[in-house]
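Novice: coords below, sequence missing:
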């Protein structure tokens, strides 16, 4: 994305604010100025450097915002910032919505933090969003809401919060383990065997899975077995539950039934019956 020396700022109206997730403002500051907000800003606020350097002050910290670095602030978070280089250029989005807290909570992002956009995926997306708005003054409300959700997903996936590995980088570390689990879920394996195959300690492997999936490696394995069992129940309607359990890695049918019911809210037999036609067949 080529950033010129012309400021761009777009503010959305109350019509957009009927959406569960909406942009309040979006823009590009070619020459970022000094701002002091002792009471913060009333919306979530993303500010990212695309050129030069600025200094961001928040909660007693001084944070150098170099190209690719950005901050996500929760509403009413006191902060201030000012340029350090002769020219400091930034992009920003402020946003809210009735569902915004639930969305950022689910992404574990409902906290102010510093992010590194190493691949520039986020700033490039904001650039594309600005081009859309600039080209069409009646920019679709739903389109802007969709792009905002895309922005949050990208920030979650590629943004390195507080210099920790991004979710994408963590996925890369556990991907070989996940592939191995997919090939071996039907075997008698557990956390010990998984860690041995990965060449990692149990604690480190558990930490990676918690970061990547929000669950332990063993819980991931159980979820994988349940998913495969659901597929098998439907694709092989006449196979007894005991055989389904054995083929999907469960030691006995009672454990399979209890685990399936706990995860899915119904027994395997009832789940299979949901897909039966009136003739007693699965199409």
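Specialist: Nice, I can see it. Everything quoted here is computed from the prediction, not taken from an experiment.

Novice: could you list the low-pLDDT ranges of the stretch 1-150 of the chain?
Specialist: Judged by pLDDT under 70, the stretch 1-150 of the chain has its weakly predicted residues at 1, 14-17, 137-141.

Novice: now the helices for it?
Specialist: All helices of the stretch 1-150 of the chain, identified by DSSP state H, counting those that start in this stretch, fall at 100-106, 121-135, 141-158.

Novice: nearest to residue 241, of the ones you listed?
Specialist: Checking these against residue 241 by C-beta to C-beta gives helix 100-106 as the closest, at 33.8 Å. Every residue, glycine included, has its C-beta placed from N, CA and C.

Novice: ok, back up a step: can you redo the helices of the stretch 1-150 of the chain as TSV with mean neighbour count and distance to residue 184?
Specialist: Conversion of the helices of the stretch 1-150 of the chain to TSV gives the following (neighbours: other C-beta atoms under 10 Å; distance: least, C-beta to C-beta, whole Å):
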stretch	mean neighbour count	distance to residue 184
helix 100-106	15	30
helix 121-135	18	33
helix 141-158	18	27
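
Novice: of these, which is nearest residue 223?
Specialist: Comparing the helices of the stretch 1-150 of the chain under C-beta to C-beta, the one sitting nearest is helix 100-106, at 17.4 Å.

Novice: what helices and strands are in contact with that closest one?
Specialist: Applying 3 or more C-beta pairs under 8 Å, 6 or more residues apart in numbering; DSSP states H and E, one finds that helix 100-106 makes contact with helix 141-158.

Novice: partners of the next helix-or-strand element following the helix it packs on, with directions?
Specialist: For helix 141-158, the succeeding helix or strand toward the C-terminus, using DSSP states H and E, is strand 160-161. Using DSSP bridges, strand 160-161 pairs in its sheet with strand 113-116 (antiparallel).

Novice: contacting residues around the strand it pairs with?
Specialist: Contacting residues not belonging to strand 113-116 are listed as 56, 63, 68-72, 122, 155, 159-163 [C-beta atoms under 8 Å, 6 or more residues apart in numbering].

Novice: same deal with stretch 50-57?
Specialist: Outside stretch 50-57, the residues that reach it (C-beta under 8 Å, 6+ apart) are 1, 3, 28, 32, 47, 62-67, 71, 79-91, 114, 123.

Novice: are any of those residues buried, and which?
Specialist: Applying a neighbour-count criterion of 16 or more other C-beta atoms under 10 Å, the buried members of those are 3, 28, 32, 47, 63, 65, 71, 79, 81, 83, 88-91, 114, 123.

Novice: which of the residues you listed lies closest to residue 253?
Specialist: Sorting the buried ones among the contacts of stretch 50-57 by how near they are to residue 253, with C-beta to C-beta, puts residue 114 at the top with 50.9 Å.

Novice: still on that earlier bit, need the helices of the stretch 1-150 of the chain in a markdown table with distance to residue 274, can you?
Specialist: Putting the helices of the stretch 1-150 of the chain into a markdown table (distance: least, C-beta to C-beta, whole Å) gives the following:
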| stretch | distance to residue 274 |
| --- | --- |
| helix 100-106 | 27 |
| helix 121-135 | 40 |
| helix 141-158 | 31 |
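
Novice: can you say which of the ones you listed is nearest to residue 9?
Specialist: helix 121-135 (9.5 Å).

Novice: quick check: which of the helices of the stretch 1-150 of the chain is nearest to residue 219?
Specialist: helix 100-106 (17.7 Å).

Novice: before we move on, the earlier item: with respect to residue 238, which of the helices of the stretch 1-150 of the chain lies nearest?
Specialist: Smallest distance to residue 238 across these (C-beta to C-beta): 39.5 Å, for helix 100-106.

Novice: returning to that earlier point: which one of the helices of the stretch 1-150 of the chain lies nearest to residue 262?
Specialist: Shortest separation from residue 262 across the helices of the stretch 1-150 of the chain is recorded for helix 100-106, at 21.8 Å, computed as C-beta to C-beta.

Novice: what lies in contact with the closest one?
Specialist: 20, 21, 44, 97, 110, 149, 152.

Novice: spell out for me the ChimeraX command that would select the buried members of those residues.
Specialist: To isolate the buried members of those in ChimeraX, using 16+ other C-beta under 10 Å:
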select :21,44,97,149,152
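
Novice: correct me, but residue 157 touches residue 167?
Specialist: Yes: Residue 157 is in contact with residue 167 according to C-beta atoms under 8 Å; the separation is 5.0 Å.

Novice: first-to-last residue distance for stretch 72-86?
Specialist: Chord length of stretch 72-86, first to last residue, is 24 Å (C-alpha to C-alpha, to the nearest Å).
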